[in-house]
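**Student:** Provided below for reference: sequence and predicted model.
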Amino acid sequence: MREFLFAPSLLGADPLNISGSIESLGNNFDWLHLDIMDGHFVRNLSFGPDFSRALRKKYPDAFIDAHLMTDNLETVLPLFIESGASSITVHAETEPHLLHATLSTIKNAGIKAGIALCPPTPVTQVATVLDMADLVLVMSVTPGFGGQKFIESSLEKVRELAGIRAAMKHSYVIEIDGGINENNITRVILSGCDVVVMGSAVFREKNPALWLEGLRVKIKEAMRDFDRA
Ligand code: DX5
Ligand code: ZN
């Protein structure tokens, strides 16, 4: 059976007790998704490199999945390369002419390199860098805020990316971010996603660990049925 990973988004955590929120996940998560917003590329502000560094110190084995929704990568990228992040994903829309060099910089630092696509951005825009990406993140809401409604057409992009990966023998994982909940996660995974980011759906639960555990069982059952059909 194909593997899938849960990446709870700390944007949905309790801002006054983030470590409490992380502990509420138990061992039932795979990555910690960290949204970086600059108030310019998106209309919100969130975490900085010191926060990422503090996470790394407290959770030395965690996979910290940094999602940079920022412009000005010349300044911002080095700060996150030094911050202990396990993967750094930059937006295809930010400095598109420099994307190849940006991904190289991340990879040369020994960090997994990802490309994120906003909902209106087609896959064709990143065709020439897919061979070097470790991860492609499909935004399924307008970046900037948690708690938005899932954009259905994102699944088409996921299927397209899965098709290109198979045809071209690329190795990126496909991540989806925004509006995922218990009602749509199964079809999101069945459409080809490997990593699912969830913010509000996880952290609004009274017992996120139990909820994630149950969700994993439900998805595995659906995958078994799908494989049998
Ligand atoms: C939105 C962020 C997401 C956000 C998802 O710009 O990239 O990671 O936390 O939150 P939900 O799951 O609530 O849509
Ligand atoms: Zn994100």
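**Tutor:** Structure's in. What do you need? Values in this document were obtained by computation on a predicted structure and should not be read as measured data. Numbers count the residues shown, from 1 in each chain. Ligands and ions are numbered 1, 2, ... in the order given.
**Student:** Could you point out the longest helix of the protein?
**Tutor:** helix 208-228 (DSSP state H).
**Student:** Please spell out which residues along it are buried.
**Tutor:** Residues of helix 208-228 classed as buried by neighbour count (16 or more other C-beta atoms under 10 Å): Pro208, Ala209, Trp211, Leu212, Leu215, Ile219, Met223. C-beta here means a position set from N, CA and C on the backbone, and glycine is covered the same way.
**Student:** So the closest residue to the third one other than its chain neighbours: helix, strand or coil?
**Tutor:** Read it as Trp211. Once flanking residues are discounted, Trp211 sits nearest to Glu205: 4.4 Å by C-beta to C-beta, 6 or more residues apart in numbering. At Glu205, secondary structure determined by DSSP: H, G, I helix; E, B strand; the rest coil is coil.
**Student:** what's the spacing between Leu190 and Glu3?
**Tutor:** 14 Å (C-beta to C-beta, to the nearest Å).
**Student:** The two - which one has more neighbours?
**Tutor:** Between Leu190 and Glu3, counted using other C-beta atoms under 10 Å, Leu190 has the larger neighbour count: 17 against 8.
**Student:** My understanding was that that one contacts Phe226; is that so?
**Tutor:** Yes: with contacts counted by C-beta atoms under 8 Å, Leu190 reaches Phe226, the gap being 5.6 Å.
**Student:** which parts of this protein sit against ligand 1?
**Tutor:** Neighbours of ligand 1 within the chain, by C-beta under 6 Å from any ligand atom: 9, 11-12, 33, 35, 67, 141, 143-144, 146-148, 177-180, 197-201.
**Student:** Can you flag the buried ones in these?
**Tutor:** By 16+ other C-beta under 10 Å, those give 9, 11-12, 33, 35, 67, 141, 143-144, 146, 177-180, 197-201 as buried.
**Student:** Out of those residues, name the ones that lie in helices.
**Tutor:** Using DSSP H, the members of those that fall in helices are Ser200, Ala201.
**Student:** same for ligand 2: which of the buried ones among the residues of the chain next to ligand 1 are within range?
**Tutor:** Among those, the residues lying close to ligand 2 (C-beta under 5 Å from the ion) are Asp35, His67, Asp177.
**Student:** can you put those in JSON lines and add pLDDT and distance to Thr186?
**Tutor:** As requested, these are exported to JSON lines (pLDDT from 0 to 100; distance: C-beta to C-beta, whole Å):
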{"residue": "Asp35", "pLDDT": "98", "distance to Thr186": "24"}
{"residue": "His67", "pLDDT": "99", "distance to Thr186": "23"}
{"residue": "Asp177", "pLDDT": "99", "distance to Thr186": "17"}
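**Student:** Need those in TSV (columns: distance to Ala54).
**Tutor:** Below are these laid out as TSV (distance: C-beta to C-beta, whole Å):
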residue	distance to Ala54
Asp35	16
His67	18
Asp177	23
